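K.L.:
Using only what follows, build the 3D model:
(one chain, ligands or ions: 1)
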Amino acid sequence: MSGAVMSPAGGCLYVVATPIGNLGDMTFRAVQVLKEVALVAAEDTRHSRKLLVHYQIGTPLVSYHEHNARQKVDPLLEKLRAGQDVALISDAGTPGIADPGYRLVQACHAAGICVVAVPGPSALVGALSVAGVPTDRFTFEGFLPAKAVARRSLLQDRAGLDQTLVFYEAPHRLLAALNDLLEVSGPDRQLVVVRELTKLHEEVFRGSTAEALAHFGQSAVKGELVLILPPSEDAPRVSMTVALRKMLEESDLSRRDVVKMIAKEYGVPGSDVYRESLKYLDDAD
Ligand code: SAM
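P.N.:
Residues are numbered from 1 along each chain as shown. Now for the predicted structure:
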């Protein structure tokens, strides 16, 4: 054994990320772990076999997907308890991220079985990394609802927020989602569509909702995609007090400089901001 897999008394569950398009994105450790475990649990065994063959991994595959997760957990736990190491992979990317997987991971924790991450590609992080939007805070919303009413109501609820939102969306529903967004937030709402990441037709579209409709409305949208909404320009700004307290807590600037900056940004007298900063210091004591 090369040491990629640890072997305490029981086996471990290795949660292994696999490529989201480009096979070259497989990590060395992922290959090693998949070679060394006793069993690989995969969403679609036919699909994953191609990956295993490509990397000359001869480990047996068993199916573990959304519809058989409940039945498959116990037999997998038995193997783990008996000391066998098992790897969990999904069709692409990181298992457990909008993928089946969490039930098995949860059951392993409950049974005291070790769970080890073998991180790697994920459409979520890959898309954010090339979107050019603020990512210090973001909300991952998973798949947009397929039904129009639910989708519109979700967009109504979220699209005006002051934070980046990330959605997975099926290509055949992109235009419907864009039309709903147009209705909810108007033609100028900015967005990013990251399509076919790491593949031949990789595309990062940045623009307004109206521009996106014109661009993607030309022909049938193909491939896998992630829809990203940067913080809305119409979102209410945080109050002066909240901004002041945040800056006092987080920045290395002197109190005097913070007061000056906030007064300028919010167009209020420095004396008001100074008074507010004293209250913050009182509260902090
Ligand atoms: N667990 C996976 C991950 O970590 O990326 C996501 C699985 S989810 C079932 C599949 C969705 O991820 C697709 O419908 C699409 O929205 C997104 N996706 C997967 N691969 C992608 C790619 N190469 N480019 C853009 N989006 C992708």
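K.L.:
can you pull the contacts of the residue nearest to Pro119 when sequence neighbours are not counted?
P.N.:
In this structure, Pro119 finds its nearest non-sequential neighbour in Ala17, 5.5 Å apart by Cβ to Cβ, 6 or more residues apart in numbering. All C-beta atoms are positioned from the backbone trio N, CA, C, and that covers glycine. Counting by Cβ atoms under 8 Å, 6 or more residues apart in numbering, Ala17 touches Thr27, Ala30, Ile89, Gly93, Thr94, Pro95, Val118, Pro119, Gly120, Pro121, Ser122.
K.L.:
Now with 10 Å, please.
P.N.:
The contact partners of Ala17, taken as Cβ atoms under 10 Å, 6 or more residues apart in numbering, are 25-27, 29-30, 89-90, 92-97, 117-122.
K.L.:
How much space separates it from the ligand?
P.N.:
7 Å (Cβ to the nearest ligand atom, to the nearest Å).
K.L.:
Please determine how far that residue is located from Cys114.
P.N.:
To Cys114, Ala17 is 18 Å away according to Cβ to Cβ, to the nearest Å.
K.L.:
can you check Glu233 too?
P.N.:
47 Å.
K.L.:
for stretch 114-127, what is the average pLDDT?
P.N.:
In this model, stretch 114-127 has an average pLDDT of 98.
K.L.:
ok, is it in contact with the ligand or not?
P.N.:
Yes - using Cβ under 6 Å from any ligand atom, stretch 114-127 reaches the ligand at Ser122, Ala123, Leu124.
K.L.:
of all those, which comes closest to Arg173?
P.N.:
The shortest approach to Arg173 among the residues of stretch 114-127 next to the ligand belongs to Ala123, at 16.1 Å (Cβ to Cβ).
K.L.:
Identify the residues contacting the closest one.
P.N.:
Neighbours of Ala123 in contact, by Cβ under 10 Å, 6+ apart: 20-21, 92-94, 97-98, 166, 168, 194, 197-198, 224-226.
K.L.:
what are the phi and psi values for whichever residue of the chain sits closest to the ligand?
P.N.:
Per Cβ to the nearest ligand atom, the residue of the chain with the smallest distance to the ligand is Gly93, at 2.4 Å. With angles defined as degrees, to the nearest 10, Gly93 sits at phi 80, psi -150.
K.L.:
One more: the one 10 residues further on?
P.N.:
Phi and psi for Arg103, reported as degrees, to the nearest 10, are phi -60, psi -40.
K.L.:
That one: neighbouring residues, count only.
P.N.:
15 (other Cβ atoms under 10 Å).
K.L.:
next one: the one 3 residues further on
P.N.:
Other residues within reach of Gln106, judged by other Cβ under 10 Å, total 13.
K.L.:
Now do the same contact list for the most centrally placed residue in the chain.
P.N.:
In the chain, the centroid-proximal residue (Cα atoms, centre = their mean) is Leu124; its distance is 3.6 Å. Neighbouring residues of Leu124 by Cβ under 10 Å, 6+ apart: Ile20, Gly93, Thr94, Ile97, Ala98, Phe138, Phe140, Gly142, Val166, Tyr168, Val226, Ile228.
K.L.:
now do Pro60
P.N.:
With Cβ under 10 Å, 6+ apart, Pro60 has these contacts: Val37, Ala38, Leu39, Val40, Thr45, Leu52.
K.L.:
Now do it, the pLDDT please.
P.N.:
Value listed for Pro60 in the pLDDT field: 98.
K.L.:
State the distance from it to Leu174.
P.N.:
In terms of Cβ to Cβ, Pro60 sits 38 Å off from Leu174.
K.L.:
can you list the residues of the protein near the ligand?
P.N.:
Within reach of the ligand by Cβ under 6 Å from any ligand atom, the chain has these residues: 20-21, 90, 92-94, 97-99, 122-124, 168-169, 194-199, 224-226.
K.L.:
picking up where we left off before, narrow the contacts of Ala17 to those in strands?
P.N.:
Residues of the contacts of Ala17 located in strands (DSSP state E): Ile89, Ala117, Val118.
K.L.:
who touches stretch 19-31?
P.N.:
Contacts for stretch 19-31 (Cβ under 10 Å, 6+ apart): 2, 4-5, 14, 16-18, 33-34, 50-52, 54-57, 87, 89, 91-94, 118-124, 126-127, 196-202, 223-224.
K.L.:
go with 6 Å
P.N.:
For stretch 19-31, contacts defined as Cβ atoms under 6 Å, 6 or more residues apart in numbering pick out Ala4, Val16, His54, Tyr55, Ala92, Gly93, Val118, Gly120, Pro121, Ala123, Thr198, Lys199.
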